[in-house]
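Engineer: this is the structure alone, sequence omitted:
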């Protein structure tokens, strides 16, 4: 069904119309619709003009030419990475609920080294909680050392898969989040060429 048909109530029974819940449509990565979704943006624009259902469109690059028409039909809101001050209290609240003891300086350090990436903050605390119930600012420094070398996107998979790499788990996560929208695809494309170090040491005997 088209998006217009999905939100149409023509086929709904009287009971369904009466009990109909409020709906909202969230369209993520709309700046990528012009690639493989032919006619997707024009359909979305047409729906925005006539629907009464709220639609939230999320994009990473609003400057793309394909976003020009969409911007004319939407209220444009720009979101920025949260500051350390904005997320410190929330980090402490999450840690308290999960049984991880941290003080304010530790929470500020977690927010600072994560560069405003909420998922990385949560991941850091989650991984630390697996082995300890207390986390200090020094602990954050030990697990969140940033790589001093800025490598390209196509160099990340070989680095992550290399058996000779000296990177710890958190440094590998830092590489992954260089571009977390494309990195899963890069890993997918290179995974079959990866030979685990342990299995490379095993000699197989032919019968």
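Structural biologist: Perfect, I can see it now. The shown structure was predicted, so the numbers you read here are calculated from the model rather than taken from an experiment. Numbers count the residues shown, from 1 in each chain.

Engineer: low-scoring pLDDT stretches of this structure, where are they?
Structural biologist: Scanning the chain for pLDDT under 70 picks out the ranges 1-20, 34-38, 144-152, 164, 170, 180, 195-207.

Engineer: in the longest helix belonging to it, which residues are buried?
Structural biologist: Looking across the chain with DSSP state H, the single longest helix is helix 84-97. Neighbour counts using 16 or more other Cβ atoms under 10 Å place 84, 87-88, 91-92, 94-95 of helix 84-97 among the buried residues. C-beta here means a position set from N, CA and C on the backbone, and glycine is covered the same way.

Engineer: pick the one among those residues closest to residue 74.
Structural biologist: residue 87 (27.3 Å; Cβ to Cβ).

Engineer: grab the nearest non-local neighbour of the closest one.
Structural biologist: Leaving aside its sequence neighbours, residue 87 sits nearest to residue 111 (Cβ to Cβ, 6 or more residues apart in numbering; 5.0 Å).

Engineer: need the buried residues of helix 84-97 in JSON lines with distance to residue 69, can you?
Structural biologist: Listed next are those as JSON lines, based on distance: Cβ to Cβ, whole Å:
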{"residue": "84", "distance to residue 69": "38"}
{"residue": "87", "distance to residue 69": "35"}
{"residue": "88", "distance to residue 69": "40"}
{"residue": "91", "distance to residue 69": "40"}
{"residue": "92", "distance to residue 69": "44"}
{"residue": "94", "distance to residue 69": "40"}
{"residue": "95", "distance to residue 69": "44"}
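
Engineer: list just the nearest of those residues to residue 32.
Structural biologist: residue 87 (27.8 Å).
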